[in-house]
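J.: Predicted model and sequence follow; I will ask about them next.
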Amino acid sequence: MITIPADPYPFTLDPATTALVVIDMQRDFVEPGGFGETLGNDVALLQSVVPPLRKVLDAFRAAGLTVIHTREGHVPDLSDCPPAKLNRGEPTLRIGDEGPKGRILVRGEYGHDIVDELAPLPGELVVDKPGKGSFHATGLQDELVARGITRLVVTGVTTEVCVHTTVREANDRGYECLVLSDCTGSYFPEFHRVGLAMIAAQGGIFGWVAPSEALITALVPQEVAS
Ligand code: C5J
């Protein structure tokens with residue numbers, strides 16, 4: 001067992017039953033010319049998530065632990081995209097429109113895929129999801145049960161949207177979630193700060209929050225020992 005200093009109190013995990021979940025680190029959210037930018041966001045704000053998340057990914061991979069990636073997006077005919085999502089707002093390009101990185105938020109397009117620095121390795125599970133939550137309309141729950149996973153280390157973007165929705169879904173399904181503060185990010189720094197505070201408030205109403213260094217420091221001796 002490993003104990004990590006965290007907010008609101010230390011988080012204990014067994015590496016064998018813990019998965020790293022990397023949420024939606026796709027070009028569509030993190031790079032110019034994708035879905036995030038069409039909504040009017042400054043995508044540069046998410047770039048700071050990549051280097052610390054790469055370190056966590058490396059630590060999980062070196063220790064032989066479970067890594068799961070998610071991607072938000074839709075099938076090419078958009079039959080899994082509700083009109084409420086398709087038509088909302090006044091984006092410069094809508095989901096399915098042709099953009100500089102291919103059709104916006106459509107599976108199989110360049111923009112839909114994960115950034116090079118965090119690209120999944122063969123054997124790592126990639127969960128394609130049509131919604132904000134990673135459990136809604138996906139096989140994630142079955143995959144976690146099959147692997148005996150009970151705890152999730154949650155990372156990715158954006159803090160108050162897909163990260164929060166996933167943590168809430170996971171919490172209701174009985175998973176213990178540790179959210180890494182520097183490995184999550186938002187287009188709105190204030191939403192990031194408050195989003196994390198909401199997770200740890202009320203004795204950890206949705207889970208725990210810690211910086212990635214706390215997890216890596218706790219994980220590395222384990223790696224050497226194993
Ligand atoms: C958004 C996400 N922000 N991955 N998606 O629309 O958080």
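T.: Sure thing, it's come through. Numbers count the residues shown, from 1 in each chain.
J.: Apart from its neighbours in sequence, what residue is nearest the residue nearest to the spatial centre of the chain?
T.: Most central in the chain under Cα atoms, centre = their mean is residue 23, positioned 1.8 Å from the mean C-alpha point. Nearest residue to residue 23, sequence neighbours excluded (Cβ to Cβ, 6 or more residues apart in numbering): residue 156, at 2.9 Å. Using the backbone N, CA and C atoms, a C-beta is placed for each residue, glycine as well.
J.: Quick check: bridge partners of the residue nearest to the centre of the chain?
T.: Here residue 23 sits in beta bridges with residue 70, residue 156, going by DSSP bridges.
J.: now it: how far from residue 163?
T.: 6 Å (Cβ to Cβ, to the nearest Å).
J.: hey, what's in contact with both of the two?
T.: Both residue 23 and residue 163 are in contact with 154, 155, 156, 157, where contact means Cβ atoms under 8 Å, 6 or more residues apart in numbering.
J.: Surely the first one is in a strand?
T.: Yes: assignment of residue 154 by DSSP: H, G, I helix; E, B strand; the rest coil places it within a strand.
J.: number of nearby residues for it?
T.: 29 (other Cβ atoms under 10 Å).
J.: In contact with it, which residues?
T.: Taking Cβ under 8 Å, 6+ apart, one finds 21, 23, 163, 166, 167, 170, 177, 178, 179, 180, 184, 207 in contact with residue 154.
J.: so what's it scoring on pLDDT?
T.: pLDDT for residue 154: 99.
J.: Could I get the full set of strands for this protein?
T.: 2-4, 11-13, 18-23, 66-72, 98-99, 102-103, 125-129, 151-157, 176-185, 208-210 (DSSP state E).
J.: would you turn the ones you listed into CSV with distance to the ligand?
T.: Shown next, in CSV, are those (distance: least, Cβ to the nearest ligand atom, whole Å):
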stretch, distance to the ligand
strand 2-4, 24
strand 11-13, 23
strand 18-23, 6
strand 66-72, 5
strand 98-99, 15
strand 102-103, 16
strand 125-129, 9
strand 151-157, 5
strand 176-185, 10
strand 208-210, 17
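J.: who wins for proximity to residue 37 among the ones you listed?
T.: strand 98-99 (8.7 Å; Cβ to Cβ).
J.: Average pLDDT for the closest one, rounded please.
T.: 96.
J.: which helices and strands does it pack with?
T.: The criterion is 3 or more Cβ pairs under 8 Å, 6 or more residues apart in numbering; DSSP states H and E, and there are no helices or strands that strand 98-99 contacts.
J.: Partner strands of that strand, with direction?
T.: strand 102-103 (antiparallel).
J.: quick one: contacts of the partner strand?
T.: 76, 96, 97, 109, 110, 111, 112.
J.: Most neighbours out of those, which is it?
T.: residue 112 (24 neighbours).
J.: ok, and what's touching stretch 26-36?
T.: 43, 46-47, 49-50, 71-73, 95, 99-101, 104-105, 110-115, 157-158, 187.
J.: Spit out the contact partners of residue 185.
T.: Applying Cβ under 8 Å, 6+ apart, the residues near residue 185 are 45, 46, 48, 49, 157, 158, 159, 192.
J.: Filter the residues you listed down to the buried ones.
T.: 45, 46, 49, 157, 158, 159, 192 (16 or more other Cβ atoms under 10 Å).
J.: what's the closest of these to the ligand?
T.: residue 158 (3.8 Å; Cβ to the nearest ligand atom).
J.: check contacts around residue 19.
T.: 65, 66, 67, 68, 144, 147, 149, 151, 152, 153.
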